[in-house]
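Engineer: pasted the sequence and its predicted model underneath.
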Amino acid sequence: MRKNGRTARKLRKLAWRLIYQLGQPDWADNHGVMLPVKHPLVSPGIAREIYLGDYEAKEIEIISKRLANDDVVFEVGAGLGYLSAYCAQRVGSDKVFTYEANPELIPLIRETHARNAVAPTVTNALLAQGEGEREFRIEDDFWASSAHREGGRAITVRQADLNGELARIRPSFMIVDIEGGEAEFFAGADLSTVQKICVETHPDVLGDRLLSEMFAGLVARGFALDFSLIRKNVFFFHRVR
C-alpha cells in the first residue's frame, strides 16, 4: 500500500473520524514534522488537513524536491511554523528565517519549532517597502488572514523593510504565502541573491492580469517557471544560469 495512495488516504480519513469522536490528539505528524491539532488557533478544518497530510502538501512536495543543503531559506507567511520547521530539519536552524505578520501565531510557531527540536529565526512583522505600521486582518481560520483581503478583525502590525531584510540575510530559497500580497511583494523585492522561489498565488484576490504581470516580472529578472512542479496555485521558479 502506497503511503499517500488512495487506500492509505481512505484509512486516514476513517481514523480521523474515530479520533474526532474519541478526542483529538494534541499533535500529529505531517510529512515528518509534528504539528498542533488541538489548539484554540487551529480550527477543525485545519486540524483535519494536518491529520490527513494535506496541510501545505503542495508546498512541501516542491520544497522537498528543490531544497539543497546549502540553501538559506527566507519564508514569508510562517503560519504554524510547518515549512520553516521542515526546512530547518534539512538545512539547519541557522539557515532558516521566517516572518509572520499575525502576532497571535508567534507563540504557536515557537511551540512547533520546539516540538521538532529546531530553532529558526522568527520575526513578527509584515514585509514591505520601508519601516512603519500596517493594517492586518485576522480571520478565524488563520491561513486566510491578510493585509490584502476584506473582512476579519483589523489590527495594526509592525512593517519591516523587505529589502533591508533581504540584504541582511542574503537568501537563496524564498517561500512566499501571503494571501494576495504576492504581486506587491515581488514588485519591490531585491532578488539578487535568490535562486529559487516557491510561491502560492491567490487569483481570487489578485485576478489573472496582476498575477500574469508578476510572473512576467520574475521571468524578466532571470527566473524560469518549473513546469514539472506546478501544483494548482503553487509554483516554483528557479534562476536560469
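Structural biologist: Cool, the structure landed. Predicted model, so just to flag it, every value in this text is computed and none were measured. Residues are numbered from 1 along each chain as shown.
Engineer: how about the nearest residue to Ile109, chain neighbours excluded?
Structural biologist: Nearest residue to Ile109 in three dimensions, chain neighbours excluded: Gly81, at 3.6 Å (CB to CB, 6 or more residues apart in numbering). Yep, even glycine has a C-beta here, placed from its N, CA and C like the rest.
Engineer: just the residues contacting stretch 190-202, thanks.
Structural biologist: The contact list for stretch 190-202 (CB atoms under 8 Å, 6 or more residues apart in numbering) reads 58-59, 62-63, 66, 71, 74, 163, 166-167, 170-177, 179-180, 182, 186, 211, 214, 218, 221, 223, 233-239.
Engineer: for PyMOL, write the selection for the buried entries among the residues you listed.
Structural biologist: Restricted to buried positions by 16 or more other CB atoms under 10 Å, the PyMOL selection for those reads:
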select buried, resi 58+59+62+63+66+71+74+163+166+171+172+173+174+175+176+177+179+180+182+186+211+214+218+223+234+235+236+237+238+239
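Engineer: can you tell me which of the contacts of stretch 190-202 are in strands?
Structural biologist: Judged by DSSP state E, these include 74, 173-176, 223, 234-239 as members of strands.
Engineer: in TSV, list these along with pLDDT.
Structural biologist: Output for the ones in strands among the contacts of stretch 190-202, formatted as TSV (pLDDT from 0 to 100):
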residue	pLDDT
Phe74	98
Phe173	98
Met174	98
Ile175	98
Val176	97
Phe223	98
Val234	97
Phe235	98
Phe236	98
Phe237	98
His238	98
Arg239	95
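Engineer: for Pro120, state which of these is nearest.
Structural biologist: Of all the ones in strands among the contacts of stretch 190-202, Phe74 has the smallest distance to Pro120: 10.6 Å, by CB to CB.
Engineer: okay, and the beta partners of that closest one?
Structural biologist: Here Phe74 shows beta-bridge partners Phe97, Met174, assigned using DSSP bridges.
Engineer: any idea how far Ser212 lies from Leu218?
Structural biologist: Separation of Ser212 from Leu218 (CB to CB, to the nearest Å) stands at 11 Å.
Engineer: same thing with Gly92?
Structural biologist: 28 Å.
Engineer: for Pro36, same thing?
Structural biologist: Using CB to CB, Pro36 is found at 34 Å from Leu218.
Engineer: what do you get for Phe237?
Structural biologist: 5 Å.
Engineer: related to what we said a few turns ago, the residue nearest to Ile109: neighbour count?
Structural biologist: 29 (other CB atoms under 10 Å).
Engineer: what is the neighbour count of Ala220?
Structural biologist: Counted by other CB under 10 Å, the residues lying close to Ala220 total 8.
Engineer: quick one, what contacts it?
Structural biologist: Per CB under 8 Å, 6+ apart, neighbours of Ala220: none.
Engineer: ok, back up a step: and the furthest pair within the ones in strands among the contacts of stretch 190-202?
Structural biologist: Val234 and Arg239 (18.5 Å).
Engineer: just give me the longest strand of this protein.
Structural biologist: Identified as the longest strand of the chain according to DSSP E is strand 153-161.
Engineer: which positions within that strand qualify as buried?
Structural biologist: Within strand 153-161, the residues scored as buried using 16+ other CB under 10 Å are 157, 159-161.
Engineer: domain assignment for this structure?
Structural biologist: Structural domains annotated on the chain: 1-54, 56-239, as defined by automatic domain parsing.
Engineer: give me whichever of those domains is most buried.
Structural biologist: Comparing these by mean neighbour count (mean count of other CB atoms under 10 Å), domain 56-239 comes out on top with a mean of 18.
Engineer: can you list the strands that the longest strand of the chain pairs with?
Structural biologist: With DSSP bridges as the test, strand 153-161 is paired with strand 126-128 (parallel), strand 132-138 (antiparallel).
Engineer: got JSON lines for those, with mean pLDDT and distance to Ala117 too?
Structural biologist: Formatted as JSON lines, the strands paired with strand 153-161 follow (pLDDT from 0 to 100; distance: least, CB to CB, whole Å):
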{"stretch": "strand 126-128", "mean pLDDT": "94", "distance to Ala117": "27"}
{"stretch": "strand 132-138", "mean pLDDT": "89", "distance to Ala117": "29"}
